[in-house]
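Asks: Below are the sequence and a predicted model for it; my questions follow.
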Amino acid sequence: MKTRTTLLNVLFLLAVVNGFSQKLNSPELGFEYACVSNGYNSFQATFSFDQKPFEADNVFYVELSDQYGVFNNPTVLETVKDQNFSFKFDSSFSFPESVRGEGYQIRLRSTSPALVSEPSAMFDAYVISGEELILNNYSDVNLCGAGTTTIGLNVDIAQEYVWYKNGELYKLTKENTLAISEPGEYYVEPYYGNCTGSNYSNLVIAKKAEEFVVALSASKDAEDCSATELTLTASVDHENYKYTWFKNDTKIEGLTGYFPSIVLDLNTENIGAYHVEVQNQGGCTAVSESYSFKQNKGAVVEVTSPLNAVIIGDNLATLSIKTDLEAGEITWYKDGQLLKEGYNSNTLLVADQGDYYAMVSGVNQCEGSTKSQTFKIYEPVTYNVQIDASKDYTPCVTTQASLSLSSVKGVLSNGDVITIAKEFYDNFQLQWVKGEELVSQAPKLDVDYTKNGTFKLQLSYEGKVYESNSVAMTMGLPSMKLVVEKELSCTSTQGVLKVDSPLQGAVYNWYNEGKLIATNDVNSLSVAKDGAYKVEVSYAGCSLTTASVSLKRDSSELVAIYPGENATIGPEGLIQANATGGNSYQWISEQGEILSDVSTLNIVQPGVYTLIATTGACVVEKTLTVDSNMVQNIPNVVSPNNDTVNDKWTLPQKFINDPETEVVICDAYGATVLKTTSYDNSWPSSTSQFTSQTPVYYYFINKNGKNVKKGSITLVD
């Protein structure tokens, strides 16, 4: 008998335990933020669940969101199989080396039964690089004049960098370089959210240096064509300065050091344009203007257009020179070959890349010939195309954004990379593609949630196609509102909820009082339960939750009482209440006595009267509160001393709460202290506004804009 009783008790306890639903609680983090490094990647959190143990075959998964806190593609950090009966347990885990952001969350997921906990609090997670950060190759810099100098790190290991000047925060950049123009002590560290400060560079000291200018002067030893040499002298002469001389923009070997002047022999090898660069002790450099030298009486040729130019499509480059020779001959050359175009012209229009120069010859042997500097004309051999999303774009948040062409860079035959100016863009054909699909040929592409995907821009030029970088766009969903299409009532057991903007292909998760009750692919739901409802709409990896709406069974509007919920018996001693909208009526006193079983009730005593009416299958209960006001005359004395006797200025009932009756009270100076069309016998509201002297007020009672009563009110203690 005892064994049987024990068995029954065990079965009863199992039934009770299984009757409760299980719930995974939000994880409790054992850390504020996760700073992962080569030497440390172990973190802990506490997990718990309520009501009853999990099945023996259950497996828990600790999952990590993306950097925005979204679990569309979670990363499993840890698998737990031995805590199904623990209710609360700790688990350690490591983060992947890809974490980089400030909005991560973790959650716990079970398999038997399949449940998911609420996510944990958000936290920063970064992998801290252990690489040595070397700023400007350990070199200090000198700042010359108003120009800037760029300092940079040896590696690029972060999305953002924090720069410091003189020990204080200076600037946040996305590049690992910084242009500086002010003296100070600079260093930099990668931005790792709350993990910032784990790795920083060496200190670079920037100092102001003296700025100066230099010019060239030339002196000739003779004035005739037989002169044998020419001296070029720099205007700055300092034995501690460094002088570097150039001929035709090429450094002259052996002329670097203290060489404030040079002597040139009049021979063919020395013909050309000369300039000098002078560097002072502070590291600042001054460059002289060019001096063209041929013969004592030879022509001077100066270029007046850029020596380097780029041509694209039908665009032409203009080459130009000027000379002091009034008579003579000008010829143009391309890659050393004489051109027919440009004869005796100071300008030349060119459509092909190559090396160009002009030759200016005098009319006699003494004047000789002078060659201009060489113009180098390039056409890019390939193009690098860059596209970007609009600056305010945030995945799953921004509802309208655009993609646009941010830059085109051309790679020249010499390896140089140049930025193509926007005025050249008309030479290119542009088309936007998503996957293999052509979506637009406009310069800018507008994107909303209906166009989610990964986009590229194809640039076509002279039969070749150059593709841009890829940009993935996941747009936020449009604004949606949950509305009650059909209310619950005693005559209708089914209410209907509807999302005002349907999305084809969306998933709708419906919640009642915070609990998931249904999932479907349509924007409406029939419900039979009162309470607060909301819906989560998921589409293309993004979701949006509407504001809550409430459903309740309200049949009170089916029946109405005249004169309303409140009434006052006047000196005439009778009011009649009348109910409408019902099929049957029953009036009941406060004591429970049935006073009437018809729609009307004559009331002669103050009190609370209850009406129970039926209309169809609905039963409606309403109350009517009746008080009394037997005042027949308007009082002119009030004693607001809180003794419950004559504390308020009480008017006859015909003036109370009448929207056609306006009551105005003014003080002795004519200032209005009360003006209302719903006077309720509540003035004065307090005694704190009155002085010790006996105040006098004046009242005006107007009916439909015409005065019907007026007089004075004296307040006494």
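Replies: Good, I have the coordinates.

Asks: C-alpha from now on. contacts and neighbour counts both.
Replies: Will do.

Asks: give me every residue that touches the residue most central in space within the chain.
Replies: With distances taken as C-alpha atoms, centre = their mean, residue 392 lies nearest the centre of the chain, 5.0 Å away. Counting by C-alpha atoms under 8 Å, 6 or more residues apart in numbering, residue 392 touches 398, 401.

Asks: next one: the one 4 residues further on
Replies: Neighbour list for residue 396: 474-477, 541-543 [criterion: C-alpha under 8 Å, 6+ apart].

Asks: Count the residues that sit near the closest residue to residue 188 other than its chain neighbours.
Replies: Using C-alpha to C-alpha, 6 or more residues apart in numbering and skipping the chain neighbours, the partner closest in space to residue 188 is residue 163 (4.4 Å). Per other C-alpha atoms under 10 Å, the neighbour tally for residue 163 reads 23.

Asks: What does the pLDDT read for residue 172?
Replies: If you check residue 172, the pLDDT there is 93.

Asks: Pairing partners for it in the sheet, please.
Replies: residue 162 (DSSP bridges).

Asks: Contact partners for it?
Replies: 160-163.

Asks: Same list, the contacts of residue 396, but as CSV with distance to residue 204 please.
Replies: Formatted as CSV, the contacts of residue 396 follow (distance: C-alpha to C-alpha, whole Å):
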residue, distance to residue 204
474, 42
475, 44
476, 45
477, 48
541, 47
542, 46
543, 48
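
Asks: follow-up on the earlier one: closest to residue 612 out of the contacts of residue 172?
Replies: Nearest to residue 612, judged by C-alpha to C-alpha, of the contacts of residue 172 is residue 160 at 71.9 Å.

Asks: Kindly tell me how buried the residue nearest to the closest one when sequence neighbours are not counted is, as a neighbour count.
Replies: Spatial nearest neighbour of residue 160, excluding adjacent residues (C-alpha to C-alpha, 6+ apart): residue 174 at 4.3 Å. Residue 174 has 14 neighbouring residues, counting by other C-alpha under 10 Å.

Asks: got it, and residue 326?
Replies: Residue 326 - counted by other C-alpha under 10 Å - has 9 other residues nearby.

Asks: A strand includes it, no?
Replies: No: per DSSP: H, G, I helix; E, B strand; the rest coil, residue 326 lies outside any strand segment and is coil.

Asks: Distance-wise, check it relative to residue 343.
Replies: 15 Å (C-alpha to C-alpha, to the nearest Å).

Asks: Let's have the contacts of residue 172 in TSV, adding distance to residue 287.
Replies: Formatted as TSV, the contacts of residue 172 follow (distance: C-alpha to C-alpha, whole Å):
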residue	distance to residue 287
160	37
161	35
162	35
163	32
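
Asks: which among the residues you listed end up buried?
Replies: Buried subset of these (neighbour count, 16 or more other C-alpha atoms under 10 Å): 160-163.

Asks: list the buried ones in stretch 310-330?
Replies: In stretch 310-330, counting by 16+ other C-alpha under 10 Å, buried: 310-312, 317, 319-321, 325, 330.

Asks: which two of those residues lie the greatest distance from each other?
Replies: Put simply, by C-alpha to C-alpha the two of the buried residues of stretch 310-330 set farthest apart are 312 and 325, 34.2 Å from each other.

Asks: quick one, domains of the protein?
Replies: 2-127, 141-209, 216-293, 301-378, 382-473, 482-551, 556-628, 637-715 (automatic domain parsing).
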